[in-house]
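J.: turn this into a model:
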Amino acid sequence: MSTQTQQRSGDRTAGGGGETLTVTDNRTGQTYEVEITDGTVRAMDFRQIKVSEDDFGLMTYDPAYTNTASCRSAITYIDGAAGVLEHRGYSIEQLCEHSNYLEVAYLLIHGELPTREQLESWTHEITIHTFVHENIKSFMQGFRYDAHPMGMLLAAVGGLSTFYPDAMQVKDAELRHIQIIRLLAKMPTLAAFAFRHNMGQPYVYPDNDLSYPGNFLSMMYKMTELKYEPDPRLERALDVLFILHADHEQNASTSSVRAVGSTQVDPYSSVAAGVAALYGPLHGGANEQALRMLNRIGTIENIPDFLEGVKRGDERLMGFGHRVYKNYDPRARVIKKHLDEVFEVMGKSPLLEIAVELEKRALDDDYFTSRKLYPNVDFYSGLLYEALRLPTEMFPVMFAIGRTSGWIAQWLEMIQDSEQKIARPRQIYTGERERTYVPVDQR
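T.: Prediction:
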């Protein structure tokens, strides 16, 4: 038996009003009319399609939610075909050129760019909350010397909920605000502590005289000097990197934050879920895989053989292609511009020439362009992280710092959305039914 669908013809009003889908169920011959809004149909509208009254109704099956909208959001817009990324209507290119990370965080969370007074107050609030409780420091010191910094960050962010129990009152706007400030302020501190622990070095406390990225660099790299002075080129490159990672719509980690947050748990636990999802090599670890690929290629001369291996299926072209983008990832273009500034300070990476030549050859090859395999943000961000002398284990941690603002904005939007309920996906049961228990001695 099959179910046929067809779009109904007729008058349509401006803005898509009055659009419907007519569905004929060939099992029963009955016809149903489903409303189309914003190019989507509600999955619950298909529950009316039944064979009998006691039938549960038709469900939609969508592994990995590749064609299912789980929310309405006004935060981030992506046009994958055109390579467009906008936050609250502002292009990522404009924000990276003219703004800074804390201003972008304000934009994501509040919906509008701040006035000068609002930005100064916002920046001050975040700056004075960068310190963490000494017990958090003791907690992190309890990890093994070789603990993965992402695992440490995951545990520490979740642990913050025990220090701020009032965070459970998610319907209180004033209490929400202070948790948002704390998360933005403390994430770089926790990340830097995880790095220093991994390196076997003493933790460095925040320096509130420095900017957001400058303070992070200080907590990472300060040694015996009385005052760490970050290089402005590194400071700016890191700020842009945080902007590029700030939000990216309903990806795996953001969806995790929303799903966990739908239980009305505190925002620290929700963001910890995002950190956990970002821990995975298919998400936050993708730039590490791209860097390892470049190291394996080794020299420019090996690129042709490597690309042929990709075509045969013997190799994987890491850092190219994206679930959403079917064009050049706009974030990759921006980060590529800032690589030279970082290399001026830290020294040029021998892998850059390989990366540039690999990109050129892949984009000149119809095999890759016809498959929409263009460089994504992971292709070049790994080179920047390496230039900062970061171990590969720190790559997803850097990602998490920037993404925190997006996670918070998405969590806040979800909390205030009257349509949202506790997340509860359906399943198609494929197991046995109505079996009789057999005692162990009779099996």
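J.: only C-alpha atoms for contact and neighbour calcs from this point on.
T.: Noted.
J.: tally up the residues packed near residue 40, please.
T.: The number of residues packed near residue 40 is 12, by other Cα atoms under 10 Å.
J.: and what of the one 5 residues further on?
T.: As a burial measure, the neighbour count of residue 45 was computed by other Cα under 10 Å and equals 15.
J.: and it, how far is that from residue 395?
T.: 43 Å (Cα to Cα, to the nearest Å).
J.: same thing with residue 121?
T.: 31 Å.
J.: tell me which of those two has more neighbours.
T.: A count of neighbours by other Cα under 10 Å puts residue 395 above the other of residue 121 and residue 395, at 23 against 13.
J.: thought the more buried one was touching residue 289?
T.: No - using Cα atoms under 8 Å as the test, residue 395 is too far from residue 289 to be in contact (10.5 Å).
J.: you'd agree residue 20 is up against residue 39?
T.: No - between residue 20 and residue 39 there is no contact under Cα under 8 Å: 10.1 Å.
J.: wouldn't residue 252 be in contact with residue 277 here?
T.: Yes - Residue 252 lies in contact with residue 277 (Cα under 8 Å); the separation is 6.5 Å.
J.: of those two, give the one with the bigger neighbour count.
T.: The residue with more neighbours, out of residue 252 and residue 277, is residue 277; 21 against 18, by other Cα under 10 Å.
J.: got the contact list for residue 159?
T.: The contact partners of residue 159, taken as Cα atoms under 8 Å, 6 or more residues apart in numbering, are 136, 268.
J.: can you check residue 196 too?
T.: Contacts of residue 196 (Cα under 8 Å, 6+ apart): 202, 203, 220.
J.: which of these sits closest to residue 191?
T.: Set against residue 191, the nearest of the contacts of residue 196 by Cα to Cα is residue 220 (8.8 Å).
J.: could you measure from the closest residue to the closest one other than its chain neighbours over to residue 104?
T.: Closest residue in space to residue 220, ignoring its immediate chain neighbours: residue 192 at 5.3 Å, by Cα to Cα, 6 or more residues apart in numbering. Separation of residue 192 from residue 104 (Cα to Cα) stands at 22 Å.
J.: now the common contact residues for residue 252 and residue 277.
T.: residue 283.
J.: remind me, longest helix of the chain?
T.: Identified as the longest helix of the chain according to DSSP state H is helix 173-199.
J.: hang on, residue 354 packs against residue 302?
T.: No - Residue 354 is beyond contact range of residue 302, at 9.2 Å (criterion: Cα under 8 Å).
J.: so between these two, which is more surrounded?
T.: Neighbours were counted for residue 354 and for residue 302 using other Cα under 10 Å; residue 354 has more, 20 against 13.
J.: that older thread, if I pick the residue nearest to residue 220, what's in contact with it?
T.: 203, 216, 219, 220.
J.: now those residues as CSV including distance to residue 382 and secondary structure?
T.: Listed next are these as CSV, based on distance: Cα to Cα, whole Å; DSSP: H, G, I helix; E, B strand; the rest coil:
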residue, distance to residue 382, secondary structure
203, 25, coil
216, 18, helix
219, 21, helix
220, 18, helix
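J.: which among the residues you listed gets closest to residue 329?
T.: Compare each of the contacts of residue 192 with residue 329 using Cα to Cα and the shortest gap goes to residue 216, at 26.8 Å.
J.: surely residue 321 and residue 369 touch.
T.: No - between residue 321 and residue 369 there is no contact under Cα under 8 Å: 9.7 Å.
J.: okay, those two: which has more neighbours?
T.: Ranked by neighbour count (other Cα under 10 Å), residue 321 and residue 369 place residue 321 first, with 22 against 15.
J.: now the more buried one. Its backbone dihedrals?
T.: Main-chain dihedrals, residue 321, degrees, to the nearest 10: phi 80, psi 160.
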